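Student: pasted the sequence and its predicted model underneath.
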Amino acid sequence: MDKGDVFSILAALLIVSALALAFRPPVAEAGPEIPEIPTPTPITVTPAPTPAMPLEPTRLSYTTNVWDYPCCHLPGNLTYYGGSDPPWKGTQEIIPFAYIEEGRGGITEVFHVPYAVWRLNCSISSTIRPQAADFKMALVELESGTIVEGADLHYPGSIIKNVERGGKDFYLIVSVDEVDSYRITLETLPEYFSAPLG
């Protein structure tokens, strides 16, 4: 290859490069950016809390620390508190939240009742000497030592005592004679169960 050919090739390369620079296509300009569409945040609707129904009523038991309580004895006359209160009207659902079932008397442990309205539903069984059956009960408010409700039943059967005092601590004093067994169920209604006092 001679020198003239080399110069011709170099000259051709320079011409092609110059033409390429002169006629090069314009650099593509960035067009308007496509806005990023935000992903919508899912709306979560929290259902209104429904009160949890108690799985099973709490069983109350007797205590041995009775001397710490402000009142440890039943008054002489519980008839002051009257007989059985009328049952709640209608076919409403009744919610039992605690109970005690025993065959002997005593003083229960302290329990808290958060409902504005509730009741003590007492049933007494006596088969050996029903004519001599005697059941006495007092509901005592722990803080003041005040007897809130009382019952005096001289035969097998049942008695209901409605209580309109809640958000407090209570205990029961029970005395029995010639009673095989008794059960006191603490009950409330759904409207009070769903709005406890604390």
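Tutor: Noted; the coordinates are in hand.

Student: low pLDDT regions in the chain?
Tutor: Along the chain, the model assigns pLDDT under 70 to residues 1-55, 91, 198.

Student: let's see that with 90 instead.
Tutor: Within the chain, the stretches with pLDDT under 90 are 1-56, 64-68, 71-72, 75-80, 82-83, 86-93, 128, 155, 191-198.

Student: all strands for it, in order.
Tutor: Applying DSSP state E to the chain gives strands spanning 58-59, 95-102, 106-107, 111-113, 118-125, 134-141, 147-153, 157-163, 168-177, 181-188.

Student: other residues contacting the last one?
Tutor: Residues outside strand 181-188 that contact it (Cβ atoms under 8 Å, 6 or more residues apart in numbering): 57, 94-103, 111, 113, 115, 117-125, 135, 137, 172, 174, 176. C-beta: built from backbone N, CA, C; applies to glycine.

Student: which ones are touching Ser61?
Tutor: Contact partners of Ser61, counting by Cβ under 8 Å, 6+ apart, are Ile100, Thr108, Glu109.

Student: quick one: buried ones out of the contacts of strand 181-188?
Tutor: The neighbour count (16 or more other Cβ atoms under 10 Å) marks 95, 97-100, 102, 111, 113, 115, 118-125, 135, 137, 172, 174, 176 as buried among those.

Student: wait, Val110 sits on Leu172?
Tutor: No - Val110 is beyond contact range of Leu172, at 9.9 Å (criterion: Cβ atoms under 8 Å).

Student: count of residues packed around Asn77?
Tutor: 9 (other Cβ atoms under 10 Å).
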